[in-house]
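[1] Mind folding the following:
(one chain, ligands or ions: 1)
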Amino acid sequence: MNYYSLNKEAADTSFKDAVIKGLAPDKGLYFPESITPLPKSFFDNIDNLSHAEIAFEAIKQFVSPEIPENVLKTIVEETLSFDFPIVKLNDNISTLELFHGPTMAFKDVGARFMARCLGYFNKDNTNEVTVLVATSGDTGGAVANGFLGVKGVNVVILYPSGKVSDIQEMQLTTLGQNIKALEVDGTFDDCQAMVKTAFLDETLTSKMQLTSANSINVARWLPQLFYFMFAYKQLHNTHENIVFSVPSGNFGNVCAGMMAQQLGLPIKHFIASNNENNVVTRYLDSEKYEPKPSVQTISNAMDVGAPSNFIRIQEIYKNNFSALKENISSYSFSDDETREAMLEIFNKYNYVVDPHGAVGYLGSKNYLKDNPNAHCVFLETAHPTKFLDVVEEVIKEKQPLPEQIQSVMGGEKVAISIATYNDLKDFLLS
Ligand SMILES: *Cc1c(COP(=O)(O)O)cnc(C)c1O
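    Residues are numbered from 1 along each chain as shown. The predicted structure follows:
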(Lines give C-alpha, C1' and ligand atoms only; values in the text may rest on other atoms or scores of the structure.)
Protein backbone atom coordinates (compact mmCIF):
# COMPACT_ATOMS: atom_id res chain seq x y z
CA MET A 1 0.00 0.00 0.00
CA ASN A 2 1.20 3.48 -0.79
CA TYR A 3 0.60 6.40 1.53
CA TYR A 4 0.23 10.07 0.64
CA SER A 5 0.80 13.12 2.76
CA LEU A 6 -2.30 15.09 3.70
CA ASN A 7 -0.32 18.27 3.05
CA LYS A 8 0.00 17.04 -0.55
CA GLU A 9 3.52 18.43 -0.95
CA ALA A 10 5.55 15.28 -0.42
CA ALA A 11 5.99 12.20 -2.59
CA ASP A 12 3.87 9.09 -1.98
CA THR A 13 5.64 6.46 0.01
CA SER A 14 5.47 2.83 1.13
CA PHE A 15 4.13 1.52 4.44
CA LYS A 16 7.67 0.87 5.59
CA ASP A 17 8.79 4.38 4.85
CA ALA A 18 5.69 5.91 6.40
CA VAL A 19 6.35 3.99 9.63
CA ILE A 20 10.02 4.89 9.77
CA LYS A 21 9.41 8.56 9.01
CA GLY A 22 6.29 8.98 11.15
CA LEU A 23 5.45 12.30 9.52
CA ALA A 24 5.89 13.14 5.82
CA PRO A 25 8.73 15.50 4.84
CA ASP A 26 6.13 18.26 4.27
CA LYS A 27 4.97 17.65 7.91
CA GLY A 28 1.67 16.17 6.73
CA LEU A 29 0.13 13.03 8.18
CA TYR A 30 0.23 9.96 5.97
CA PHE A 31 -3.00 8.45 4.69
CA PRO A 32 -3.51 5.21 2.72
CA GLU A 33 -3.96 5.69 -1.01
CA SER A 34 -6.99 3.40 -1.14
CA ILE A 35 -9.35 1.56 1.20
CA THR A 36 -10.87 -1.62 -0.21
CA PRO A 37 -13.88 -2.84 1.78
CA LEU A 38 -13.72 -6.42 3.03
CA PRO A 39 -16.20 -8.84 1.40
CA LYS A 40 -19.61 -9.24 3.03
CA SER A 41 -18.72 -12.89 3.68
CA PHE A 42 -16.02 -11.73 6.10
CA PHE A 43 -18.61 -10.04 8.33
CA ASP A 44 -21.16 -12.87 7.87
CA ASN A 45 -18.52 -15.33 9.03
CA ILE A 46 -17.00 -13.20 11.81
CA ASP A 47 -18.29 -15.49 14.57
CA ASN A 48 -15.93 -18.19 13.32
CA LEU A 49 -12.82 -16.02 13.22
CA SER A 50 -10.29 -15.51 16.03
CA HIS A 51 -9.12 -12.03 16.97
CA ALA A 52 -5.85 -12.62 15.16
CA GLU A 53 -7.68 -13.80 12.02
CA ILE A 54 -9.97 -10.75 12.04
CA ALA A 55 -7.00 -8.42 12.52
CA PHE A 56 -4.95 -10.11 9.82
CA GLU A 57 -7.69 -9.74 7.20
CA ALA A 58 -8.45 -6.17 8.24
CA ILE A 59 -4.91 -4.80 8.13
CA LYS A 60 -3.39 -6.89 5.33
CA GLN A 61 -4.05 -4.39 2.53
CA PHE A 62 -2.42 -1.57 4.50
CA VAL A 63 0.91 -3.28 5.18
CA SER A 64 1.54 -5.53 2.20
CA PRO A 65 3.77 -6.32 0.47
CA GLU A 66 6.41 -4.96 2.83
CA ILE A 67 5.29 -7.18 5.66
CA PRO A 68 4.89 -10.71 4.30
CA GLU A 69 1.73 -12.62 5.30
CA ASN A 70 3.46 -15.15 7.55
CA VAL A 71 5.23 -12.34 9.43
CA LEU A 72 2.00 -10.36 9.72
CA LYS A 73 0.25 -13.40 11.22
CA THR A 74 2.85 -13.58 13.98
CA ILE A 75 2.73 -9.82 14.56
CA VAL A 76 -1.05 -9.75 15.07
CA GLU A 77 -1.01 -12.88 17.26
CA GLU A 78 1.65 -11.40 19.53
CA THR A 79 0.03 -7.95 19.56
CA LEU A 80 -3.38 -9.29 20.58
CA SER A 81 -2.43 -11.76 23.29
CA PHE A 82 -5.02 -10.46 25.78
CA ASP A 83 -8.81 -10.07 26.07
CA PHE A 84 -11.21 -7.41 24.74
CA PRO A 85 -14.40 -8.11 26.69
CA ILE A 86 -17.74 -6.33 26.37
CA VAL A 87 -19.54 -5.60 29.64
CA LYS A 88 -23.24 -4.84 29.33
CA LEU A 89 -24.53 -2.13 31.68
CA ASN A 90 -28.13 -2.10 30.41
CA ASP A 91 -30.09 -2.80 27.22
CA ASN A 92 -28.74 0.30 25.52
CA ILE A 93 -25.24 0.73 26.92
CA SER A 94 -22.23 -1.56 26.97
CA THR A 95 -18.57 -0.89 27.50
CA LEU A 96 -15.66 -2.36 25.59
CA GLU A 97 -12.79 -2.94 28.01
CA LEU A 98 -9.57 -2.01 26.27
CA PHE A 99 -7.38 -2.24 29.35
CA HIS A 100 -6.32 -5.86 29.53
CA GLY A 101 -2.91 -5.31 27.94
CA PRO A 102 0.40 -4.95 29.77
CA THR A 103 0.04 -1.21 30.56
CA MET A 104 -3.76 -1.29 30.87
CA ALA A 105 -4.70 1.30 28.26
CA PHE A 106 -5.86 0.85 24.66
CA LYS A 107 -2.56 2.25 23.45
CA ASP A 108 -0.95 -1.14 24.08
CA VAL A 109 -2.50 -2.40 20.83
CA GLY A 110 -1.00 0.26 18.58
CA ALA A 111 2.32 0.39 20.42
CA ARG A 112 2.83 -3.38 20.31
CA PHE A 113 1.91 -3.57 16.63
CA MET A 114 4.16 -0.67 15.69
CA ALA A 115 7.10 -2.00 17.73
CA ARG A 116 6.90 -5.33 15.94
CA CYS A 117 6.73 -3.67 12.52
CA LEU A 118 9.82 -1.58 13.29
CA GLY A 119 11.55 -4.66 14.69
CA TYR A 120 10.84 -6.51 11.44
CA PHE A 121 12.07 -3.62 9.28
CA ASN A 122 15.24 -3.53 11.36
CA LYS A 123 15.86 -7.27 11.29
CA ASP A 124 19.15 -6.80 9.46
CA ASN A 125 20.22 -4.03 11.82
CA THR A 126 20.38 -1.51 9.01
CA ASN A 127 17.72 0.97 10.06
CA GLU A 128 18.59 2.23 13.52
CA VAL A 129 15.66 4.42 14.59
CA THR A 130 15.02 6.79 17.50
CA VAL A 131 11.40 6.89 18.55
CA LEU A 132 10.68 10.28 20.06
CA VAL A 133 7.36 10.54 21.81
CA ALA A 134 5.50 13.05 23.97
CA THR A 135 3.00 11.65 26.43
CA SER A 136 0.14 13.01 28.50
CA GLY A 137 0.24 9.74 30.43
CA ASP A 138 -0.70 6.50 28.72
CA THR A 139 1.28 6.62 25.49
CA GLY A 140 4.58 6.69 27.39
CA GLY A 141 3.96 3.47 29.28
CA ALA A 142 2.52 1.64 26.29
CA VAL A 143 5.43 2.67 24.07
CA ALA A 144 8.02 1.84 26.74
CA ASN A 145 6.53 -1.59 27.27
CA GLY A 146 5.91 -2.30 23.57
CA PHE A 147 9.40 -1.28 22.42
CA LEU A 148 11.42 -2.68 25.33
CA GLY A 149 14.33 -4.66 23.96
CA VAL A 150 13.44 -4.13 20.27
CA LYS A 151 16.71 -4.29 18.36
CA GLY A 152 17.97 -1.08 16.76
CA VAL A 153 15.20 1.07 18.27
CA ASN A 154 15.98 3.71 20.89
CA VAL A 155 13.00 5.23 22.64
CA VAL A 156 12.95 8.71 24.18
CA ILE A 157 9.79 9.66 26.09
CA LEU A 158 9.00 13.24 27.13
CA TYR A 159 6.46 13.67 29.91
CA PRO A 160 5.23 16.75 31.82
CA SER A 161 6.61 16.76 35.37
CA GLY A 162 3.89 16.35 38.01
CA LYS A 163 1.09 16.02 35.44
CA VAL A 164 0.93 12.25 34.95
CA SER A 165 -0.36 9.83 37.58
CA ASP A 166 2.16 8.00 39.83
CA ILE A 167 1.42 4.70 38.13
CA GLN A 168 1.84 6.20 34.67
CA GLU A 169 5.18 7.67 35.73
CA MET A 170 6.43 4.32 37.02
CA GLN A 171 5.37 2.62 33.79
CA LEU A 172 7.54 4.88 31.69
CA THR A 173 10.55 5.51 33.93
CA THR A 174 11.44 2.12 35.39
CA LEU A 175 12.15 -0.17 32.46
CA GLY A 176 15.68 0.87 31.47
CA GLN A 177 17.45 -0.81 28.49
CA ASN A 178 16.58 1.05 25.26
CA ILE A 179 13.96 3.26 26.97
CA LYS A 180 14.90 6.75 28.22
CA ALA A 181 12.50 9.08 30.06
CA LEU A 182 12.83 12.87 30.03
CA GLU A 183 10.90 14.72 32.72
CA VAL A 184 9.94 18.09 31.29
CA ASP A 185 9.42 21.16 33.42
CA GLY A 186 6.27 22.18 31.52
CA THR A 187 2.94 20.95 30.15
CA PHE A 188 2.07 18.21 27.67
CA ASP A 189 1.77 20.89 24.98
CA ASP A 190 5.38 21.91 25.75
CA CYS A 191 6.51 18.29 25.39
CA GLN A 192 4.66 17.98 22.09
CA ALA A 193 6.14 21.26 20.84
CA MET A 194 9.69 20.08 21.64
CA VAL A 195 9.11 16.84 19.75
CA LYS A 196 7.78 18.75 16.75
CA THR A 197 10.77 21.09 16.81
CA ALA A 198 13.11 18.10 16.85
CA PHE A 199 11.47 16.64 13.74
CA LEU A 200 12.06 19.95 11.95
CA ASP A 201 15.66 20.37 13.15
CA GLU A 202 18.02 19.41 10.35
CA THR A 203 21.07 19.27 12.59
CA LEU A 204 19.29 16.38 14.31
CA THR A 205 17.56 14.73 11.37
CA SER A 206 20.77 14.68 9.34
CA LYS A 207 22.41 12.63 12.11
CA MET A 208 19.64 10.27 13.17
CA GLN A 209 16.41 8.71 11.92
CA LEU A 210 13.70 10.11 14.16
CA THR A 211 10.17 8.72 14.18
CA SER A 212 7.03 9.17 16.23
CA ALA A 213 5.01 6.59 18.14
CA ASN A 214 2.05 8.91 18.64
CA SER A 215 -1.08 8.12 16.65
CA ILE A 216 0.23 10.24 13.78
CA ASN A 217 2.30 7.14 12.93
CA VAL A 218 0.24 4.86 10.68
CA ALA A 219 1.52 1.72 12.44
CA ARG A 220 0.29 3.05 15.80
CA TRP A 221 -3.01 4.37 14.43
CA LEU A 222 -4.37 1.72 12.05
CA PRO A 223 -4.28 -1.34 14.35
CA GLN A 224 -6.71 0.52 16.62
CA LEU A 225 -9.41 -0.44 14.13
CA PHE A 226 -9.20 -4.09 15.26
CA TYR A 227 -11.16 -3.83 18.47
CA PHE A 228 -14.17 -2.15 16.87
CA MET A 229 -14.47 -5.40 14.92
CA PHE A 230 -14.02 -7.50 18.06
CA ALA A 231 -16.87 -5.55 19.71
CA TYR A 232 -19.08 -6.08 16.67
CA LYS A 233 -18.38 -9.81 16.79
CA GLN A 234 -19.59 -9.94 20.40
CA LEU A 235 -22.72 -7.84 19.86
CA HIS A 236 -24.07 -8.31 16.35
CA ASN A 237 -26.21 -11.35 17.10
CA THR A 238 -28.10 -9.59 19.87
CA HIS A 239 -28.01 -5.90 18.96
CA GLU A 240 -28.67 -3.73 15.93
CA ASN A 241 -27.70 -0.10 15.44
CA ILE A 242 -24.31 -0.32 17.11
CA VAL A 243 -22.88 3.10 18.00
CA PHE A 244 -19.43 3.68 19.45
CA SER A 245 -18.77 6.42 21.98
CA VAL A 246 -15.07 7.15 21.94
CA PRO A 247 -13.43 9.28 24.64
CA SER A 248 -11.29 11.45 22.40
CA GLY A 249 -8.15 13.54 22.70
CA ASN A 250 -6.01 13.41 19.58
CA PHE A 251 -8.87 11.65 17.73
CA GLY A 252 -6.72 8.71 16.60
CA ASN A 253 -8.96 6.12 18.18
CA VAL A 254 -12.26 7.37 16.78
CA CYS A 255 -10.62 7.86 13.39
CA ALA A 256 -9.45 4.22 13.47
CA GLY A 257 -13.07 3.22 14.16
CA MET A 258 -14.07 5.15 11.06
CA MET A 259 -11.50 3.16 9.09
CA ALA A 260 -13.17 -0.05 10.33
CA GLN A 261 -16.44 1.37 9.03
CA GLN A 262 -14.82 2.18 5.69
CA LEU A 263 -13.77 -1.48 5.55
CA GLY A 264 -17.47 -2.36 5.73
CA LEU A 265 -18.05 -2.86 9.45
CA PRO A 266 -21.73 -2.05 10.03
CA ILE A 267 -21.42 0.79 12.55
CA LYS A 268 -24.40 3.13 12.74
CA HIS A 269 -22.76 6.20 14.22
CA PHE A 270 -19.83 7.54 16.24
CA ILE A 271 -19.83 9.75 19.28
CA ALA A 272 -16.69 11.72 20.05
CA SER A 273 -16.93 12.25 23.79
CA ASN A 274 -14.80 15.12 25.04
CA ASN A 275 -13.86 16.74 28.30
CA GLU A 276 -13.64 20.54 28.32
CA ASN A 277 -11.02 20.39 25.58
CA ASN A 278 -13.79 20.45 23.02
CA VAL A 279 -12.59 21.90 19.73
CA VAL A 280 -14.44 19.22 17.75
CA THR A 281 -17.69 19.56 19.72
CA ARG A 282 -17.61 23.27 18.92
CA TYR A 283 -16.73 22.61 15.29
CA LEU A 284 -19.69 20.30 14.75
CA ASP A 285 -21.97 22.93 16.27
CA SER A 286 -20.62 25.92 14.40
CA GLU A 287 -18.58 24.62 11.42
CA LYS A 288 -15.74 26.76 12.80
CA TYR A 289 -12.53 24.90 13.65
CA GLU A 290 -10.86 26.87 16.40
CA PRO A 291 -8.12 25.06 18.34
CA LYS A 292 -7.13 26.59 21.64
CA PRO A 293 -4.57 25.77 24.35
CA SER A 294 -5.48 22.71 26.39
CA VAL A 295 -6.84 22.93 29.92
CA GLN A 296 -6.06 20.36 32.59
CA THR A 297 -8.85 17.93 33.54
CA ILE A 298 -9.24 14.64 35.46
CA SER A 299 -9.36 12.79 32.11
CA ASN A 300 -5.85 13.98 31.31
CA ALA A 301 -5.20 11.80 28.26
CA MET A 302 -7.80 13.90 26.47
CA ASP A 303 -6.31 17.28 27.37
CA VAL A 304 -5.53 18.15 23.78
CA GLY A 305 -6.16 21.58 22.30
CA ALA A 306 -5.43 20.77 18.66
CA PRO A 307 -6.24 17.12 17.87
CA SER A 308 -3.66 15.86 15.41
CA ASN A 309 -5.84 13.22 13.72
CA PHE A 310 -8.83 15.40 12.95
CA ILE A 311 -7.36 16.08 9.53
CA ARG A 312 -7.56 12.34 8.78
CA ILE A 313 -11.25 12.37 9.66
CA GLN A 314 -11.74 15.30 7.29
CA GLU A 315 -10.01 13.25 4.59
CA ILE A 316 -12.29 10.23 5.14
CA TYR A 317 -15.30 12.50 4.58
CA LYS A 318 -13.61 14.42 1.78
CA ASN A 319 -14.05 17.65 3.76
CA ASN A 320 -17.82 17.34 3.41
CA PHE A 321 -19.20 18.83 6.61
CA SER A 322 -22.73 17.44 6.28
CA ALA A 323 -21.45 13.92 5.53
CA LEU A 324 -19.27 14.15 8.62
CA LYS A 325 -22.11 15.41 10.81
CA GLU A 326 -24.32 12.57 9.61
CA ASN A 327 -21.83 10.06 10.96
CA ILE A 328 -20.48 11.61 14.15
CA SER A 329 -21.87 13.52 17.10
CA SER A 330 -19.74 15.15 19.75
CA TYR A 331 -20.45 16.26 23.30
CA SER A 332 -18.28 17.84 25.94
CA PHE A 333 -18.44 17.32 29.71
CA SER A 334 -16.99 19.01 32.78
CA ASP A 335 -14.97 17.31 35.50
CA ASP A 336 -17.94 17.55 37.87
CA GLU A 337 -20.19 15.78 35.39
CA THR A 338 -17.50 13.17 34.90
CA ARG A 339 -17.25 12.49 38.64
CA GLU A 340 -21.05 12.24 38.88
CA ALA A 341 -21.06 9.71 36.05
CA MET A 342 -18.38 7.61 37.74
CA LEU A 343 -20.50 7.52 40.87
CA GLU A 344 -23.71 6.79 38.96
CA ILE A 345 -22.16 3.84 37.15
CA PHE A 346 -20.79 2.51 40.42
CA ASN A 347 -24.10 2.86 42.27
CA LYS A 348 -26.39 1.69 39.47
CA TYR A 349 -24.31 -1.06 37.91
CA ASN A 350 -21.69 -1.86 40.53
CA TYR A 351 -19.04 -1.16 37.89
CA VAL A 352 -15.96 1.01 38.27
CA VAL A 353 -14.89 3.22 35.35
CA ASP A 354 -11.94 5.54 34.95
CA PRO A 355 -12.60 9.23 34.14
CA HIS A 356 -12.13 8.73 30.38
CA GLY A 357 -14.64 5.88 30.27
CA ALA A 358 -17.04 8.02 32.29
CA VAL A 359 -16.89 10.73 29.61
CA GLY A 360 -17.69 8.02 27.04
CA TYR A 361 -20.65 6.90 29.13
CA LEU A 362 -21.98 10.46 29.29
CA GLY A 363 -21.69 10.77 25.52
CA SER A 364 -23.73 7.55 25.15
CA LYS A 365 -26.47 8.83 27.43
CA ASN A 366 -26.74 12.11 25.54
CA TYR A 367 -26.99 10.38 22.20
CA LEU A 368 -29.63 7.93 23.43
CA LYS A 369 -31.99 10.79 24.33
CA ASP A 370 -32.70 11.34 20.63
CA ASN A 371 -31.83 7.83 19.41
CA PRO A 372 -33.47 5.38 21.81
CA ASN A 373 -33.07 2.42 19.45
CA ALA A 374 -29.28 2.53 19.39
CA HIS A 375 -26.95 0.28 21.31
CA CYS A 376 -24.06 2.45 22.49
CA VAL A 377 -20.69 0.95 23.26
CA PHE A 378 -18.39 3.33 25.12
CA LEU A 379 -14.73 2.46 25.05
CA GLU A 380 -13.18 2.00 28.48
CA THR A 381 -9.80 3.25 27.35
CA ALA A 382 -7.81 2.69 30.57
CA HIS A 383 -8.12 0.65 33.73
CA PRO A 384 -9.60 2.65 36.62
CA THR A 385 -6.60 2.01 38.87
CA LYS A 386 -4.41 4.02 36.48
CA PHE A 387 -6.30 7.01 37.91
CA LEU A 388 -6.45 5.72 41.45
CA ASP A 389 -6.63 9.09 43.26
CA VAL A 390 -9.70 10.31 41.39
CA VAL A 391 -11.43 6.95 41.32
CA GLU A 392 -11.09 6.17 45.04
CA GLU A 393 -12.04 9.70 46.01
CA VAL A 394 -15.23 9.53 43.95
CA ILE A 395 -16.51 6.06 44.79
CA LYS A 396 -15.06 6.10 48.33
CA GLU A 397 -13.84 2.55 48.11
CA LYS A 398 -10.31 1.11 47.93
CA GLN A 399 -9.47 -0.59 44.67
CA PRO A 400 -7.36 -3.73 44.40
CA LEU A 401 -4.33 -3.26 42.16
CA PRO A 402 -4.13 -5.59 39.17
CA GLU A 403 -0.94 -7.57 38.61
CA GLN A 404 0.20 -5.35 35.70
CA ILE A 405 0.11 -2.31 38.00
CA GLN A 406 1.68 -4.03 41.01
CA SER A 407 4.59 -5.17 38.92
CA VAL A 408 5.76 -1.58 38.20
CA MET A 409 5.24 -0.26 41.73
CA GLY A 410 8.44 -0.16 43.67
CA GLY A 411 10.60 -0.04 40.55
CA GLU A 412 13.40 2.52 40.45
CA LYS A 413 12.45 5.75 38.67
CA VAL A 414 15.14 6.90 36.26
CA ALA A 415 14.41 10.17 34.45
CA ILE A 416 16.47 13.09 33.21
CA SER A 417 15.04 16.53 33.96
CA ILE A 418 14.91 18.97 31.07
CA ALA A 419 13.37 22.40 30.61
CA THR A 420 14.13 23.64 27.11
CA TYR A 421 14.42 22.40 23.56
CA ASN A 422 18.20 22.81 23.75
CA ASP A 423 18.28 20.38 26.68
CA LEU A 424 16.46 17.85 24.51
CA LYS A 425 18.80 18.42 21.60
CA ASP A 426 21.91 18.04 23.77
CA PHE A 427 20.50 14.80 25.12
CA LEU A 428 19.77 13.38 21.66
CA LEU A 429 23.19 14.33 20.33
CA SER A 430 25.13 12.99 23.33
C1 LIG B 1 -4.91 8.42 24.63
C2 LIG B 1 -6.13 8.23 25.43
C3 LIG B 1 -7.37 8.73 25.01
C4 LIG B 1 -7.52 9.57 23.76
O5 LIG B 1 -7.33 8.83 22.58
P6 LIG B 1 -7.09 9.59 21.18
O7 LIG B 1 -6.79 8.52 20.20
O8 LIG B 1 -5.92 10.49 21.40
O9 LIG B 1 -8.34 10.34 20.88
C10 LIG B 1 -8.49 8.46 25.78
N11 LIG B 1 -8.41 7.77 26.93
C12 LIG B 1 -7.23 7.29 27.38
C13 LIG B 1 -7.20 6.58 28.68
C14 LIG B 1 -6.05 7.50 26.66
O15 LIG B 1 -4.90 7.03 27.13
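[2] Return the nearest residue of the stretch 1-150 of the chain with respect to the ligand.
    Using CB to the nearest ligand atom, the point where the stretch 1-150 of the chain gets nearest to the ligand is D138, with a distance of 3.2 Å. Every residue, glycine included, has its C-beta placed from N, CA and C.
[3] ok, how many other residues are close to the closest residue to that residue other than its chain neighbours?
    Excluding the flanking residues, the one nearest D138 by CB to CB, 6 or more residues apart in numbering is A105, at 3.9 Å. Neighbour count of A105, defined by other CB atoms under 10 Å: 26.
[4] Okay, and the beta partners of A105?
    The bridge-partner assignment for A105, based on DSSP bridges, gives A382.
[5] Quick check, it in contact with L379.
    No: counting by CB atoms under 8 Å, A105 stays clear of L379, with 10.7 Å between them.
[6] Quickly list what's touching both of these two.
    Taking CB atoms under 8 Å, 6 or more residues apart in numbering as the contact rule, the neighbours common to A105 and L379 are L98.
[7] what's the neighbour count on N237?
    Burial of N237 is recorded as 7 neighbouring residues (other CB under 10 Å).
[8] For it, give me its contacts.
    For N237, the set of contacting residues under the criterion of CB under 8 Å, 6+ apart consists of D47.
[9] With H383 instead?
    Residues touching H383, when contacts are defined by CB under 8 Å, 6+ apart, comprise F99, M104, A105, D354, P402, Q404, I405.
[10] What's the local residue count around the first one?
    Applying other CB under 10 Å, we find 25 other residues in the vicinity of F99.
[11] Also the last one?
    Residues contacting I405 under the criterion other CB under 10 Å number 19.
[12] Confirm for me that it is in contact with K386.
    Yes: with the criterion set as CB under 8 Å, I405 and K386 qualify as a contacting pair; they are 7.4 Å apart.
[13] Now the common contact residues for these two.
    Shared contacts of I405 and K386, defined by CB under 8 Å, 6+ apart, comprise M104, I167.
[14] Would you mind listing what in this protein touches the ligand?
    105, 107, 138, 215, 247-253, 301-302, 356, 381-382 (CB under 6 Å from any ligand atom).
[15] most surrounded residue in those residues?
    Most surrounded of these: other CB under 10 Å gives S248, at 34 neighbours.
[16] contacting residues around that one?
    When contacts are counted by CB under 8 Å, 6+ apart, S248 touches V254, A272, S273, N274, V280, M302, P307, S330.
[17] among these, which are in helices?
    Restricting the contacts of S248 to those inside helices, with DSSP state H as the criterion, leaves V254, V280.
[18] Determine which two of the contacts of S248 are furthest apart.
    Comparing all pairs in the contacts of S248 by CB to CB, the longest separation belongs to S273 and P307, at 13.1 Å.
[19] Could you check which of the two is surrounded by more residues?
    Of the pair S273 and P307, S273 is the one with more neighbours under other CB under 10 Å, namely 33 against 24.
[20] how about that one, what does it touch?
    Taking CB under 8 Å, 6+ apart as the criterion, S273 is in contact with 245-248, 330-331, 333, 359-360, 362-364, 378.
[21] give me the element the closest residue to it other than its chain neighbours is part of.
    With sequence-adjacent residues excluded and distances taken as CB to CB, 6+ apart, S273 is closest to G363, at 3.1 Å. Taking DSSP states H and E as the definition, G363 sits inside helix 355-370.
[22] Tell me the helices and strands packed up against that helix.
    Contacting helix 355-370 under the criterion 3 or more CB pairs under 8 Å, 6 or more residues apart in numbering; DSSP states H and E are the following elements: strand 93-97, strand 242-247, strand 269-274, strand 328-332, helix 335-349, strand 375-380.
[23] Tell me who's in contact with D91.
    Contact partners of D91, counting by CB under 8 Å, 6+ apart, are H375.
[24] Report pLDDT for it.
    According to the predicted model, the pLDDT of D91 comes to 96.
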